[in-house]
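Undergrad: Fold the following and give me the result.
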Amino acid sequence: MKTAFPKLLSSQIAFDIARTVLDGFDKHYRLFRSASMAGKAYFEQSDWRGMQQSARDRIAFYDQRVQECVQILEDEYDPEDLTDSVWREVKLHYIGLLTNHKQPELAETFFTSVCCNILHRSYFHNDFIFVRPAVSTEYIEPDEATPIYRVYYPATDGLRYTLKRIITNFQLACPFSDLDRDIALVEERMQALFGSAPPEANQQIQVLASPFYRNKAAYIIGKIVNGNREEPFVMPILHGPGGDLYIDTLLCDRSQVTVMFSFTRAYFLVDMEVPSSYVRFLRTIMPYKPRSEIYTVLGLQKQGKALFYRDFLHHLRYSSDRIDSAPGIRGLVMVVFALPSFPYVFKVIKDFIPAPKETTRALVKEKYQLVKNHDRVGRMADTLEYSNVAFPRSRITDELLADLKAVAPSIVEEEDGQVIIRHLYIERRMVPLNIWLTNAEKAGDEQAIEHAIIEYGNAIKELVAANIFPGDMLYKNFGVTRHGRVVFYDYDEIEYITDCNFRAIPAPRNEEDEMSAEPWYPVAKNDVFPEQFGTFLLGNARVRKYFMKHHADLLSPAFWQGRKERILAGYMEDVFPYPQSCRFHQQLKPQQSLTTPAAEAA
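TA: Now for the predicted structure:
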């Protein structure tokens, strides 16, 4: 008896479309891997600007390849030839082509992106796309020449020799200034954490085969496995002032490792033939971090978006609370709303942005794209940008829906029991800093207030180091993460430090100037007067005390102008994704990168 399956897959057009889409994805991932592999050369050459530019360029690869694929299909086929039955066959052929593919989950997401660019949104949740994964990513193995991780047995060779093998196996082209010294420091810290007894016979050290590159560092990621116990570790490798390498620290605390992979940091450059295996390994050392965030920080942000949306739909199905306005001071530029049981917020740009804001929807989107492409140095929240998102009408409060229709009618509509939002951003939810400070003051918690102000000032200084001026520095535009870090999340007024003119307020010429409610001196568009910051930030006596104790320099034009001049001179400041106190060589300054002002502006 013949089955219907061979007859079903009878369309040559369907097979050709499936092949075209997979070819488009394979081109994308080939270019993605090439950009990721370039991280090693940039690191060895101390080309920090090249490293950052490669990471920025790589972000755009996905959309470029999707549009190329869409253009090919639209040029090759007439719309009337692409019937529903053909699209169903396309998906089945595509699944067949993914047999033995090394990145099937990414290829499925690419297929969905192409479909959503060609088909009307009414098809977004049907059999034509991959609402759920169809191909398993379990037990996909890379080629033998490129293992996912290497395994070492310290009981056989001794811990110190094993650590040296781990480092030298990466075959970095630059010499170490004193590798034996650094290995001894790593061994000492490991023994302090895990005990100085000889390693047990079954103890393993598993190390991911590709280093992770970001900014001015290479990171070796691994874990110590002893029976049922698994302990993570990260070894950052930096260039010293003379160019030689050194191991800067050993991170073994899970929270420190998790912060290093935070949603507030730039994406890593790491070569992965089988990305799902890297994600699976990383989840063993960061079990509470969602897979979506791990894919994203590895530079696979579109896969992170796809997984996030699946997680959100699952959460909606198994929850009953309603989406409403997020707590905090209402913004002039965006409407922010949240589902209380879900740890993210949704942000919609208003159609009309009132004074004193001088911006537009297009400019705000540009600012958010700037942040996506920029080094976020752990102080700016990454965002997920979506189009045509459907929310169940029954889950949105009447008050929120009325507000959305009032301030953003061009991008909000109701259809078949759903509310469709044509464009929105999604960010990790944090406690607004102004609310954090109010709660700490009510509780009389001086330590919490001081910690928040220290973090606030550090956040601004690290943003400055990355050539970012926050613009609106009010506390309501910063949030506190679950790790107690202060992060900036309101981007509509950010500027490059190098585009700002930091000035001292001129002395009044006479009594009329001194009593005037308006400035008696000319003010250009990008003029900034740091002395005025205190007027808006330091009205609370307790806050003022700790601000002046730790960050009084932020009120000085000299601080800002000095940082601007260093950036223009080509210096790339050091911003470490871990505490200074845990560094082995705190007296060492990593090698600086000098570039031309033109390169910096680019």
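
Undergrad: all contacts plus neighbour counts: C-alpha atoms, from now on.
TA: OK.

Undergrad: Check the offset of stretch 303-318 from the chain's centre.
TA: Taking CA atoms, centre = their mean, to the nearest Å, the mean C-alpha location of stretch 303-318 is offset from the chain mean by 18 Å.

Undergrad: before we move on, what about stretch 160-167?
TA: With CA atoms, centre = their mean as the basis, the distance from the averaged C-alpha position of stretch 160-167 to the chain average is 32 Å.

Undergrad: How about that stretch, which residues are buried there?
TA: Counting neighbours by 16 or more other CA atoms under 10 Å, one finds that the buried residues in stretch 160-167 are 160, 162-163, 166-167.

Undergrad: what does stretch 106-123 give?
TA: Residues of stretch 106-123 classed as buried under the neighbour-count rule (16+ other CA under 10 Å) are 106-116.

Undergrad: Can you pull out the residues in contact with stretch 129-143?
TA: The contact list for stretch 129-143, computed with CA atoms under 8 Å, 6 or more residues apart in numbering, reads 91, 95, 98-100, 102-105, 108-109, 111-112, 115, 125, 147-148, 273-274, 276-277, 310.

Undergrad: of those, buried ones?
TA: In those, the ones that pass as buried (16+ other CA under 10 Å) are 91, 95, 98, 102-105, 108-109, 111-112, 115, 148, 273-274, 276-277.

Undergrad: which stretches of the chain aren't confidently modelled?
TA: Residues of the chain that meet the criterion pLDDT under 70 lie in 1-10, 120-126, 513, 587-589, 591-602.

Undergrad: which residue ranges form the helices in the stretch 501-602 of the chain?
TA: Assigned by DSSP state H, counting those that start in this stretch, the helices in the stretch 501-602 of the chain fall at 511-515, 533-537, 541-551, 557-568, 597-601.

Undergrad: Sorry, slip of the keys, the one I care about is the stretch 351-500 of the chain.
TA: If you assign secondary structure with DSSP H, counting those that start in this stretch, the helices in the stretch 351-500 of the chain sit at 361-373, 398-407, 433-442, 446-465.

Undergrad: May I see the buried residues of the first one?
TA: Neighbour counts using 16+ other CA under 10 Å place 361, 364-365, 367-368, 371-373 of helix 361-373 among the buried residues.

Undergrad: now the last one
TA: Judged by neighbour count using 16+ other CA under 10 Å, the buried positions of helix 446-465 are 448-450, 452-465.

Undergrad: what comes into contact with that helix?
TA: Residues from elsewhere that reach helix 446-465 (CA under 8 Å, 6+ apart): 376-377, 379, 433, 437, 440-441, 469-470, 478, 484-488, 497, 542-543, 546-547, 550-551, 554, 563, 567, 572-575.

Undergrad: Now for the residue lying closest to Tyr368 once chain neighbours are set aside: which residues touch it?
TA: When the adjacent residues along the chain are set aside, Tyr368 lies closest to Tyr491, with 6.3 Å between them (CA to CA, 6 or more residues apart in numbering). With CA under 8 Å, 6+ apart as the criterion, the residues that contact Tyr491 are 364, 367-368, 371, 470.

Undergrad: Could you do Leu300 as well?
TA: Neighbouring residues of Leu300 by CA under 8 Å, 6+ apart: there are none.

Undergrad: tell me the phi and psi of it?
TA: Dihedral angles of Leu300 (phi, psi; degrees, to the nearest 10) stand at phi -100, psi 60.
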